[in-house]
Each structure stands twice: as C-alpha cells, then as structure tokens.
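>>> below: sequence and its predicted model.
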Amino acid sequence: MQRLLIATTLLLGSVANTSFADVVTPEEFWHAYHGTHSGKPMIIDVRSHQEFIAGHLPGAINIPYDQIELLTTFAPDKSQSLFIYCRTGRRSGIAEAALHKLGYSNIFNGESYQALAEAMPSH
C-alpha cells in the first residue's frame, strides 16, 4: 500500500509539473528561445503599454497581463512556445496561470525584463 501511495504521489507530481508553465532563469529563457525548432516562438511582454514603450525585448509583443486572453485571436496553436515576462514576475505569474487555463502548454516564464535584457545573448 505504501509503494502504491508513493508511486501515485510521484506520478501526480510529474503530471502536475509538466502541465504548468516553467519559471526559468534568464539563461534558460534564452537557451530555450533559441533552441525552439517547432513553430515560431513568441515573446510576450505582459507589462503596461507605457512600460513596453520605455523598453522591451527585441521581437516582443505587448499584451498586458490582464488582457492575456487576447492571445487566442492570433496564436491559436496551444502548443506554440510562449516566452513571457514582466518587471518582477508577479504579472507574468498571473498571465502564466491564465494561459494555462486557456490550454497553452509550452510556456516559459522569464519573470524579470531587466534580468532577461542583461542576459540576452549578443547574436
């Protein structure tokens, strides 16, 4: 019985971990972004429009976290690689949860714009 309980716990833990977004380090964010070969990866800045205008990652689109459901209109492929960030990670965490509920399965949460900008590869 104890083995069954342990096996069930491990299975549920691994299923839960694979269905939620990954909070990644800036280095992991860029490595995954440049290593994505299936479909076109999308970088999404979930900060306000004013913050986006003040500076953003190259190629990023701006969808404020509280409007993230708009993504479904131009990114219908729920397996598309999505790379999200904000200023500190709070808003990207909220957007991450919303995207998961919408059925997106390949989400990388880089959290901090500043940390991602500093770690961005120069190529």
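Okay, I see it.
>>> the lowest-mean-pLDDT helix or strand in the chain: what's the following helix or strand?
Among the secondary structure pieces of the chain, namely its helices and strands, helix 2-19 has the lowest mean (mean pLDDT, DSSP states H and E), a mean of 38. Next helix or strand after helix 2-19 toward the C-terminus (DSSP states H and E): strand 22-23.
>>> shaky segments in this protein?
The chain contains residues with pLDDT under 70 at 1-21, 37-38, 123.
>>> run a quick neighbour tally on Leu116.
Using other C-beta atoms under 10 Å, the number of residues around Leu116 comes to 23. For every residue, glycine as well, the C-beta is placed using N, CA and C.
>>> now it: which helix or strand?
In this assignment (DSSP H and E), Leu116 forms part of helix 113-119.
>>> part of a helix, is Lys40?
No. Per DSSP: H, G, I helix; E, B strand; the rest coil, Lys40 lies outside any helix segment and is coil.
>>> quick one on the thing from earlier: in the helix holding Leu116, what's buried?
Of all the residues in helix 113-119, those buried under the rule 16 or more other C-beta atoms under 10 Å are 113, 115-116.
>>> elements contacting it?
Helices and strands touching helix 113-119, by 3 or more C-beta pairs under 8 Å, 6 or more residues apart in numbering; DSSP states H and E, are helix 26-35, strand 82-86.
>>> which other residues reach the shortest one?
With contact meaning C-beta atoms under 8 Å, 6 or more residues apart in numbering, strand 82-86 is reached by 21, 29, 32-33, 41-47, 57, 65, 71, 75, 92, 95-96, 99, 104, 106-113, 116.
>>> ok, now with 6 Å
Contacts to strand 82-86, defined as C-beta atoms under 6 Å, 6 or more residues apart in numbering, come from residues 33, 42-44, 46-47, 92, 95, 104, 107-110, 113, 116.
>>> so which of these are in helices?
33, 92, 95, 113, 116 (DSSP state H).
>>> now the fourth one, nearest residue through space, not along the chain?
Ranked by C-beta to C-beta, 6 or more residues apart in numbering and with sequence neighbours excluded, the top spatial neighbour of Tyr113 is Tyr85, at 5.4 Å.
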